[in-house]
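# structure for this input, please:
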Amino acid sequence: MVKRFIYRDAGAGGQGGDTKTEQEALLKKINENVNTEIEKRGYQNKDNIEKLIGLALEGMPVEALRSFDPTKVEQSLKNIAGELEKVKNIRAGELENNEKELIQRSINTLLFPEEGKTSDVEMIMQTRGQGAKKEVVLNIRAAANMQTDNTINENNYPLPMIESFNVIDGVVKKRRGTQYIFDIADVTTVAELEEYTTWLEEGNSEGAFAIVAEGAVKPLVSYALVRNFAKAKKVAAKYVITEEFPKFRKKALTIIQNLINDKILRDYAAILTTDLQTQAAGYVGTSLDDTFTAPNDYDAIGAVAAQIETLNFFPDLLIIHPQDKWRLSLEKDSQGRYYMMIPMYNPQGLVTMMGFRVLTSTYQTIGTFTLGESGLFKIEQEALTIRLGYGIDFTTATVSGTSVVTSVSSDFDNNRMRIIVENFFKDYIATNNIGSFVTASFATVKAALLKP
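Numbers count the residues shown, from 1 in each chain. Modelled structure (predicted):
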């Protein structure tokens, strides 16, 4: 999504003569604090920093100067040095009036931070070279290029603590549900995946064997085979980092790479789960329908199992949401007694219910369950592939009804690199095995079981 903003000169304003003496005193105090900190930190571009600060303080009202906090000078100068890198090719004397206004607002934000205000220097850099329109283009994207100053949310913690974070061994990850696809599927990992996997399925048969009298003609039998296939697919994404990021944030980069690898596996599992559920059968019906006076959730599971077994499959895995697991565990009969089918551990340490291995997952919709024979849904996959390279970013705009490229940004020119993470895979189930697993709603099955 692209947002466009038009900015104009705000005009100049002066201060009253009554406050001139106090204003000069405050400016002197601020400059002393700033100069002391610049000397202490040894900034090589201190002249430019002083020039930008002077530009920012020019004409500032006394009320704003009073809010200056000398204890935050060190962090403010760090931020200003970062902003200076964005405008290092623009000398203050060459700035236009409206650009001076943006520079002043940006440095003011860093010297006198206020909630919700951010730097405007980026607007100037995007405005340069676009002619007299002074149209500022801001690219608002879900993902950003990762660099040293925008990746870690330091949360305004004390600088000494931040600098010592390298003693921390890891990162606290968010809690996520268990992906169940790899428990129900048969997964094979290969070194290199072919584009197609093909197999033959049993088709229709004609004729039958029979007892034949001596000298009689034997009956004719025949079989047909059906060829089926699966085509390889690819799940992939990229992330962009500056060259400074792996140089100065090695530990952070290692953590982020680990998180990204986890994310592709989660997103990959979500894609596989969607494919699995697309192939899942629903509850069609059994002879148990219309026979229960007050069907419960256990009856619903049993009816689905009966449907699957009627097709000569052997359900062994039950997938339910944690809330449904506990609802089943706490379910009572009309006398307030718990049912005996409460989930329990078998000798192998696995949770079982009604003879089925139970897997709880928040990725299973509440109020539904999946029951089936595991191992019939097939997955062939390669190991994750990670590649590094360079590319370009470009911005387009519509001019006279035609889309044209308005700007191009090269990774190589901007000290960036992009990392591609991808995985090739195939997932499929043979036609003759469809119906081996069912996803059904407890309420729907119980309604079918209810005696009229």
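
# what sits against the residue nearest to residue 452 when sequence neighbours are not counted?
Spatial nearest neighbour of residue 452, excluding adjacent residues (C-beta to C-beta, 6 or more residues apart in numbering): residue 290 at 5.9 Å. Just so you know, the C-beta spots here come from the backbone N, C-alpha and C atoms, and that holds for glycine as well. Residue 290 is in contact with 448, 449, 450, 451, 452, counting by C-beta atoms under 8 Å, 6 or more residues apart in numbering.

# what helix or strand is the closest residue to the second one other than its chain neighbours located in?
For residue 449, the nearest residue in space outside its immediate sequence neighbours is residue 295; the separation is 4.0 Å by C-beta to C-beta, 6+ apart. Under the assignment given by DSSP states H and E, residue 295 is not contained in any helix or strand.

# from residue 190, how far out is residue 295?
In this view, residue 295 and residue 190 are 46 Å apart by C-beta to C-beta, to the nearest Å.

# go on, residue 225?
25 Å.

# pick out whichever of those two has more residues nearby.
Counting neighbours by other C-beta atoms under 10 Å for residue 225 and for residue 190 shows that residue 190 has the greater number, 12 against 9.

# ok, that one to residue 264 distance?
18 Å.

# same check on residue 360?
Going from residue 360 to residue 264 by C-beta to C-beta gives 24 Å.

# pLDDT below threshold where in the stretch 51-200 of the chain?
Along the stretch 51-200 of the chain, segments meeting pLDDT under 70 span 51-144, 147-170.

# give me that answer again for 90
51-179 (pLDDT under 90).

# just to revisit the earlier point, list only those of the contacts of residue 290 flagged as buried.
448, 449 (16 or more other C-beta atoms under 10 Å).

# closest one of the contacts of residue 290 to residue 320?
residue 449 (18.1 Å; C-beta to C-beta).

# residue contacts, that closest one?
With C-beta under 8 Å, 6+ apart, residue 449 has these contacts: 288, 289, 290, 291, 292, 295, 299, 300, 303.

# filter these down to the buried ones, ChimeraX style.
In ChimeraX, the members of those classed as buried (16+ other C-beta under 10 Å) are selected with the following command:
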select :288,289,292,295,299,300,303
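
# same list (the contacts of residue 449) but as JSON lines, adding distance to residue 400, pLDDT and secondary structure.
Putting the contacts of residue 449 into JSON lines (distance: C-beta to C-beta, whole Å; pLDDT from 0 to 100; DSSP: H, G, I helix; E, B strand; the rest coil) gives the following:
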{"residue": "288", "distance to residue 400": "69", "pLDDT": "95", "secondary structure": "coil"}
{"residue": "289", "distance to residue 400": "66", "pLDDT": "95", "secondary structure": "coil"}
{"residue": "290", "distance to residue 400": "68", "pLDDT": "94", "secondary structure": "coil"}
{"residue": "291", "distance to residue 400": "72", "pLDDT": "94", "secondary structure": "coil"}
{"residue": "292", "distance to residue 400": "70", "pLDDT": "93", "secondary structure": "strand"}
{"residue": "295", "distance to residue 400": "67", "pLDDT": "92", "secondary structure": "coil"}
{"residue": "299", "distance to residue 400": "68", "pLDDT": "93", "secondary structure": "helix"}
{"residue": "300", "distance to residue 400": "62", "pLDDT": "95", "secondary structure": "helix"}
{"residue": "303", "distance to residue 400": "65", "pLDDT": "96", "secondary structure": "helix"}
